[in-house]
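**Student:** When you get a sec, could you give me coordinates for this:
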Amino acid sequence: MLDGIDVFRITGARMRHLSERQNVVAQNIANADTPHYRAREVKPFQFDSALLRTQGGVAPLKLAGSQAGHITGSRRGVDVTTDRANSYSEDPNGNTVDLEEQMVKQADIAKNYDLAAVVYKRNAALMRSAIGGRA
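**Tutor:** Below is the predicted model of the structure:
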């Protein structure tokens, strides 16, 4: 029902994106001591993505495979990259995870998720108020 309303659709997509980004950061932290592990990052959220441009429903998500039998990307259609050109450092064992960088990212994700949740709640209260319900 709320999928047809842009603010709910965009906020929901933003929250799913942040959830996937949190998952990738957690994987980076878990592999902080793994030799030759390349830290990963989720591509930035874009409001004009194909997911958000659909009219009247959810856009079909397509998975791409780099080799037969392998699936790349994420299970939710969020692009994950291992381009670490902007990494703070690389350990002698080839690991590019910087725990300080990952903790900063975690704080940023939490802040943005809280903001998206507030936007969603406020708009839900506005909708209830508009239809004569309790806010």
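
**Student:** what's the burial count for the nearest residue to Asn93 once chain neighbours are set aside?
**Tutor:** Among residues not flanking Asn93 along the chain, Pro35 sits closest, at 4.2 Å (Cβ to Cβ, 6 or more residues apart in numbering). Bear in mind the C-beta positions are built from the backbone N, C-alpha and C, glycine included. Number of residues near Pro35 (other Cβ atoms under 10 Å) recorded here: 10.

**Student:** just the strands in the chain please.
**Tutor:** Per DSSP state E, the chain carries strands over the ranges 41-42, 80-81.

**Student:** Quickly, which of the ones you listed bottoms out on average pLDDT?
**Tutor:** Here the strands of the chain differ in mean pLDDT, and the lowest is strand 80-81 at a mean of 67.

**Student:** circling back: ok, now which ones touch the residue nearest to Asn93?
**Tutor:** Residues near Pro35 by Cβ atoms under 8 Å, 6 or more residues apart in numbering: 93-95.

**Student:** Could you do Val118 as well?
**Tutor:** Per Cβ under 8 Å, 6+ apart, neighbours of Val118: none.

**Student:** Please report how far it lies from Asp98.
**Tutor:** 30 Å (Cβ to Cβ, to the nearest Å).

**Student:** cool, Val119 as well?
**Tutor:** 31 Å.

**Student:** Out of the two, name the residue with the larger neighbour count.
**Tutor:** Asp98 (19 against 16).

**Student:** The more buried one contacts Ala39, correct?
**Tutor:** Yes. Using Cβ atoms under 8 Å, Asp98 makes contact with Ala39 at a distance of 7.4 Å.

**Student:** low pLDDT regions in the protein?
**Tutor:** 1-4, 47-89, 133-135 (pLDDT under 70).

**Student:** what's near enough to touch the closest residue to Lys105 other than its chain neighbours?
**Tutor:** What sits nearest to Lys105 in space, not counting adjacent residues and going by Cβ to Cβ, 6+ apart, is Val25, at 5.1 Å. Listed by Cβ under 8 Å, 6+ apart, the contact partners of Val25 are 102, 105-106, 109.
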